[in-house]
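J.: the following comprises the amino acid sequence and a computationally predicted model.
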Amino acid sequence: MSLQRRAGELELTRRSLILARPRVDASPPVSVSLIRYRQQAMATTWEVTLPDLNPAAMGDIDHAFDVLHSLESLMTVYREDSKVSALNRLQSGVETRLEPILFGILLQCYEWWQQTEGALDIASGRMIKAWGFFRGPPSVPDPSVMEILPSLNGMDKVRLDSAKRSFEWLSDGVELNLGCVGKGVAVDAMNAVLESERGLSSGLIQGGGSSARGWGGCPGESNGWRVSIKHPWLDGAIIAEAILDNMALGTSAGSFRHLQHAGRRLPHILNPSTCRPAEGMASVSVLAPNAALADALSTAFFIMGPEKALARMGQWPNVTALFFADSGKITVLGEQPGRFHVCCH
């Protein structure tokens with residue numbers, strides 16, 4: 001772990017899609033003192049940014065990261081001893097009781113699967129492996145494999161019993177992969193520790209540069225935390241800014257994890273209905289009341305595209321989405337499109 005006290009922007013890796021930015025205007029400069037605390041989890045860098053505080057509060061931040069690591073050990077498919085990996089080894093017809101946290105996550109994902117008409121599908125682990133986006137290398141599956149993949153996708157292959165809090169596979173060969181929601185779930189859990197449980201009035205949590213949640217005010221801002229969305233293929237370019245005032249932002253893009261095939265860049269975001277890479281979008285960013293929903297919908301809307309997403313958005317009145325198409329066209333949808341300040345067209 002590392003503790004850094006400095007003003008200015010967050011340090012970024014190339015995989016970062018969301019960037020915290022200081023205010024830039026004609027006002028006199030504001031002295032900003034922030035604490036940034038980083039750890040590695042889920043194969044990426046996590047960062048908590050807080051206004052300067054009493055060093056005794058560092059215990060609260062340590063606790064939030066403990067919660068993150070606990071959730072990773074529960075949800076990851078990259079460790080054989082995780083609970084989700086254990087579920088993936090179950091045969092159909094075998095019922096198992098789950099801890100409340102994991103059952104709640106799976107039940108919420110089942111609801112999102114229904115609401116998005118299958119675009120958000122965590123029961124797509126076999127498809128992800130077939131394309132080499134699990135451990136690599138990425139490659140186009142053989143036609144014989146493509147034929148069977150549709151039968152191995154879908155939360156309709158799962159039975160969740162709320163009364164018994166139990167899980168059961170209805171078909172063999174199906175696997176879970178929570179990569180599309182895992183960071184958002186963990187960001188929300190860390191926020192609950194710091195804001196609700198420990199009473200910290202302001203902060204920003206970033207998971208891997210693609211999921212963020214801010215609450216309270218950032219020094220130097222009139223309200224919230226200013227973040228920017230990076231251009232999916234132009235280094236250093238920004239496509240939009242947003243203020244996270246008790247809101248979360250999730251961004252999905254195919255620019256970093258992809259497969260080059262027949263002169264085309266195929267994104268790692270796969271359409272469960274076709275079992276092929278989603279087409280048409282370069283990135284999709286979603287503002288939502290919580291990070292898990294923002295992550296889930298950024299993936300689903302990337303697959304659906306703006307027209308299909310618009311037809312479903314009434315289910316989430318507090319959600320705003322920015323679509324950046326392969327053509328460079330930007331579309332903002334939702335009841336509050338002004339939440340995004342578009343920097344390029």
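T.: All right, it came through fine.

J.: tell me how far stretch 310-325 lies from the chain's centre.
T.: Taking the mean of its C-alpha atoms, stretch 310-325 sits 16 Å from the chain's own mean (CA atoms, centre = their mean, to the nearest Å).

J.: what's the average pLDDT for that stretch?
T.: On average, the pLDDT along stretch 310-325 is 96.

J.: which parts of it are buried?
T.: Within stretch 310-325, the residues scored as buried using 16 or more other CB atoms under 10 Å are 310, 312-313, 316, 319-324. Placement of C-beta: from N, CA and C, glycine included.

J.: did I read that right, residue 145 in a strand?
T.: No. Residue 145: not assigned to a strand; according to DSSP: H, G, I helix; E, B strand; the rest coil it is helix.

J.: once you drop chain neighbours, what's closest to it?
T.: residue 130 (5.4 Å; CB to CB, 6 or more residues apart in numbering).

J.: now swap in residue 73 and tell me
T.: residue 82 (5.8 Å).

J.: roughly how far does the one you found sit from residue 113?
T.: Per CB to CB, to the nearest Å, residue 82 is found 21 Å from residue 113.

J.: got it, and residue 310?
T.: For residue 310, the distance to residue 113 - CB to CB - is 19 Å.

J.: show me where the stretch 1-150 of the chain has strands.
T.: In the stretch 1-150 of the chain, strands defined by DSSP state E, counting those that start in this stretch lie at 2-5, 18-20, 34-41, 44-51, 96-97, listed in chain order.

J.: circling back: residue 82 and residue 113: who's more crowded?
T.: Counted by other CB atoms under 10 Å, residue 82 and residue 113 do not tie: residue 113 has more neighbours, with 23 against 18.

J.: my guess is that one contacts residue 107. True?
T.: No. Using CB atoms under 8 Å, residue 113 is not in contact with residue 107, being 10.6 Å away.

J.: and stretch 281-290, how far out from the chain's middle?
T.: Chain-centre distance of stretch 281-290: 9 Å, with CA atoms, centre = their mean.

J.: using CSV, write out every CA atom in it.
T.: Output of stretch 281-290 as CSV, limited to C-alpha atoms (Å, rounded to 0.1, in the frame of the first residue of the first chain):
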residue,chain,number,x,y,z
MET,A,281,-19.5,1.7,-29.8
ALA,A,282,-16.0,2.9,-28.8
SER,A,283,-17.0,3.7,-25.2
VAL,A,284,-20.1,4.2,-23.1
SER,A,285,-20.2,6.1,-19.8
VAL,A,286,-23.0,6.0,-17.3
LEU,A,287,-23.8,8.2,-14.4
ALA,A,288,-26.0,6.5,-11.8
PRO,A,289,-26.8,6.6,-8.1
ASN,A,290,-24.4,3.7,-7.4
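
J.: if we can go back for a sec, next, count neighbours for the residue nearest to residue 145.
T.: Count around residue 130 with other CB under 10 Å applied: 21.

J.: who touches it in this structure?
T.: By CB atoms under 8 Å, 6 or more residues apart in numbering, the contact set of residue 130 is 141, 145-146, 149, 275.

J.: below-threshold pLDDT in this protein: ranges please.
T.: 1-32, 53-56, 255-264, 344-345 (pLDDT under 70).

J.: report the central residue of it.
T.: The residue lying closest to the centre of the chain (CA atoms, centre = their mean) is residue 295, at 3.4 Å.

J.: packing partners of whichever strand or helix holds it?
T.: In the assignment (DSSP states H and E), residue 295 maps to helix 291-312. Here helix 291-312 touches helix 100-115, helix 182-191, strand 211-215, strand 247-253, strand 281-288, strand 320-325, strand 330-334, going by 3 or more CB pairs under 8 Å, 6 or more residues apart in numbering; DSSP states H and E.

J.: got the angle for that helix vs strand 320-325?
T.: Counting by axes from the mean of the first three to the mean of the last three CA atoms, to 10 degrees, helix 291-312 lies at 70 degrees to strand 320-325.
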